[in-house]
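**Student:** just coords:
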């Protein structure tokens, strides 16, 4: 791209506006759809748990076995985080994403053949292992094409695909239940979703971008402009394929990494609530399959609007991501308190409490994950920290299903208390602690920048040993190495 860089003129404001819209449509839109369908894949297990689907009957599952299957999924997910940073750094993202999507579709189809508990355990383990790389790949792709402000403001939009997945899958599941088919409803559901994933895999193979310089979605001129835009706001290389051991070690030693991981871990102890909600609704009594579907769709709609509202606030008021992560947890806290304190016969109130609690804490996850990467700066440190975050996510989700023991039903007081105290109070408080530390660093660094003591360029050696003066971006420094780096807040 260095050759083309000399040939391409500077972008005009009108061209930049068109390019930004094109990036949003083709990159954010593509990753959004991939994430949406993959979460629909994952949600099939929750909808298959509905009594009329026949999945529990066909496989011999009960409440505790169902919880164990969810735990095993995240055990596979956690194991996959061990090697995900290295694979993402070394292998083409196009090929990785194509393989993941292809394997995912095969495993979804295999759910149709499941007939016992051990078989379901193996399928869930393999699915978790397959999904381990998906989110890091998709977020890395978004980061390579967007400026720092665009990444912050669009993170909630991208992750709303997770929450919004219940809208299409809810209606598809209801259609599978209503279909007069000769096979059980869970098989109809998995065939439909598996087929959608096969089509998705074909599009990934044809169009998924490896990086801004290597993709079919933009012209050469647009590729150069994208690279310039990203580097001008982040002072980092757009795509670095060298894995730096020192940067990996720094990520593991940096206490900020562990504060982010702790916040995410505590928040995700509540995540099984999103899979548990269908069972909680049915336990209330008088709730039909259509009622359950409509409640889930309404909940997903609320979550999607909540995420887009957070995105709007962040775009209007820059450097408010940490605060958005904190105030976005308030509805979940109120919903959980309602669910644990109302009389169980108050069906409408219980429905509202469960719905609000299960559907509104995802914005915190989005922002915590995005900020953890953004504040690491170098490519290697970002990927290692992302793997640490995903490992925390996985471990919390291994524990989360076990909070919902059959003996505690139908109120499940222990699970609700853990969520109220740890997930909805302690987790956002930790985000406030991180903000305080990084804001203090920013004030100190601005003083150094104002004094003119910070170097804007560095020296590297080419293959022949000649010294070259390059921008700081080409050095791929970490946030602790580059004292001119100002943390996004």
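**Tutor:** Done, it's in. Keep in mind it's a predicted model, so treat the numbers as computed, not measured. Numbering: from 1, shown residues only.

**Student:** tell me where the model's unsure across the stretch 101-250 of the chain.
**Tutor:** Applying pLDDT under 70 to the stretch 101-250 of the chain flags the ranges 233-242.

**Student:** now do the helices in the stretch 301-450 of the chain.
**Tutor:** All helices of the stretch 301-450 of the chain, identified by DSSP state H, counting those that start in this stretch, fall at 321-327, 330-341, 347-359, 362-374, 379-399, 413-418, 427-450.

**Student:** and the ones you listed as TSV, adding distance to residue 74 and mean pLDDT?
**Tutor:** The way it works is simple: take the backbone N, C-alpha and C, and place the C-beta from them, glycine included. Shown next, in TSV, are those (distance: least, Cβ to Cβ, whole Å; pLDDT from 0 to 100):
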stretch	distance to residue 74	mean pLDDT
helix 321-327	22	86
helix 330-341	20	89
helix 347-359	18	81
helix 362-374	14	83
helix 379-399	4	85
helix 413-418	16	90
helix 427-450	18	89
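
**Student:** tell me which of those sits nearest to residue 117.
**Tutor:** helix 379-399 (17.9 Å; Cβ to Cβ).

**Student:** who touches the strand or helix carrying residue 153?
**Tutor:** Applying DSSP states H and E as the criterion places residue 153 in helix 148-164. Helix 148-164 is contacted from outside by 20, 23-24, 28, 31-33, 35-36, 39, 138-139, 142-143, 146, 233-234, 300-301, 303-304, 307-308, 310-311, 314-315, 318, 321, 359, 362-363, 365-367, 369-370, 374, 488, using Cβ atoms under 8 Å, 6 or more residues apart in numbering.

**Student:** quick one, which of those are buried?
**Tutor:** Applying 16 or more other Cβ atoms under 10 Å to those, the neighbour count classes 20, 23-24, 28, 31-32, 35-36, 39, 138-139, 142-143, 146, 234, 300, 303-304, 307, 310-311, 314-315, 321, 359, 362-363, 365-367, 369-370, 374, 488 as buried.

**Student:** residue ranges of the strands in the chain, please?
**Tutor:** 457-461, 467-471 (DSSP state E).

**Student:** can you give me the helices for the stretch 1-150 of the chain?
**Tutor:** 2-7, 13-23, 29-48, 55-59, 63-80, 84-90, 93-110, 117-131, 134-145, 148-164.

**Student:** need these in TSV with distance to residue 422, can you?
**Tutor:** As requested, those are exported to TSV (distance: least, Cβ to Cβ, whole Å):
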stretch	distance to residue 422
helix 2-7	50
helix 13-23	38
helix 29-48	23
helix 55-59	30
helix 63-80	17
helix 84-90	26
helix 93-110	31
helix 117-131	23
helix 134-145	23
helix 148-164	21
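
**Student:** ok, which of the helices of the stretch 301-450 of the chain comes nearest residue 108?
**Tutor:** For the helices of the stretch 301-450 of the chain, proximity to residue 108 was assessed by Cβ to Cβ; helix 379-399 is nearest, at 19.4 Å.

**Student:** can you spell out which helices and strands pack onto the closest one?
**Tutor:** Packing partners of helix 379-399 (3 or more Cβ pairs under 8 Å, 6 or more residues apart in numbering; DSSP states H and E): helix 63-80, helix 84-90, helix 134-145, helix 245-253, helix 255-268, helix 362-374.

**Student:** so which bits of the shortest one are buried?
**Tutor:** Using 16+ other Cβ under 10 Å as the test for burial, helix 84-90 gives 84, 85, 87, 88, 89.

**Student:** burial check on the closest residue to the second one other than its chain neighbours, number of neighbours?
**Tutor:** It refers to residue 85. Spatial nearest neighbour of residue 85, chain neighbours left out: residue 383 (4.0 Å); criterion: Cβ to Cβ, 6 or more residues apart in numbering. Neighbour count for residue 383, taken as other Cβ atoms under 10 Å: 25.

**Student:** what sits against residue 383?
**Tutor:** Contacts of residue 383 (Cβ under 8 Å, 6+ apart): 84, 85, 88, 89, 136, 140.

**Student:** pick the most deeply packed of the helices and strands packed on helix 379-399.
**Tutor:** Highest mean neighbour count of those: helix 362-374, a mean of 24 (counted as mean count of other Cβ atoms under 10 Å).

**Student:** elements contacting that helix?
**Tutor:** helix 134-145, helix 148-164, helix 255-268, helix 289-316, helix 321-327, helix 379-399, helix 427-450.

**Student:** give me that answer again for 7 Å
**Tutor:** helix 148-164, helix 255-268, helix 289-316, helix 321-327, helix 379-399, helix 427-450 (3 or more Cβ pairs under 7 Å, 6 or more residues apart in numbering; DSSP states H and E).

**Student:** show me what counts as buried in stretch 430-447.
**Tutor:** In stretch 430-447, counting by 16+ other Cβ under 10 Å, buried: 430, 431, 434, 435, 438, 441, 442, 445.

**Student:** go on, stretch 182-197?
**Tutor:** 184-194, 196-197.

**Student:** rebuild these as JSON lines, extending it with distance to residue 224.
**Tutor:** Formatted as JSON lines, those follow (distance: Cβ to Cβ, whole Å):
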{"residue": "184", "distance to residue 224": "54"}
{"residue": "185", "distance to residue 224": "52"}
{"residue": "186", "distance to residue 224": "50"}
{"residue": "187", "distance to residue 224": "50"}
{"residue": "188", "distance to residue 224": "49"}
{"residue": "189", "distance to residue 224": "46"}
{"residue": "190", "distance to residue 224": "44"}
{"residue": "191", "distance to residue 224": "45"}
{"residue": "192", "distance to residue 224": "42"}
{"residue": "193", "distance to residue 224": "39"}
{"residue": "194", "distance to residue 224": "40"}
{"residue": "196", "distance to residue 224": "35"}
{"residue": "197", "distance to residue 224": "34"}
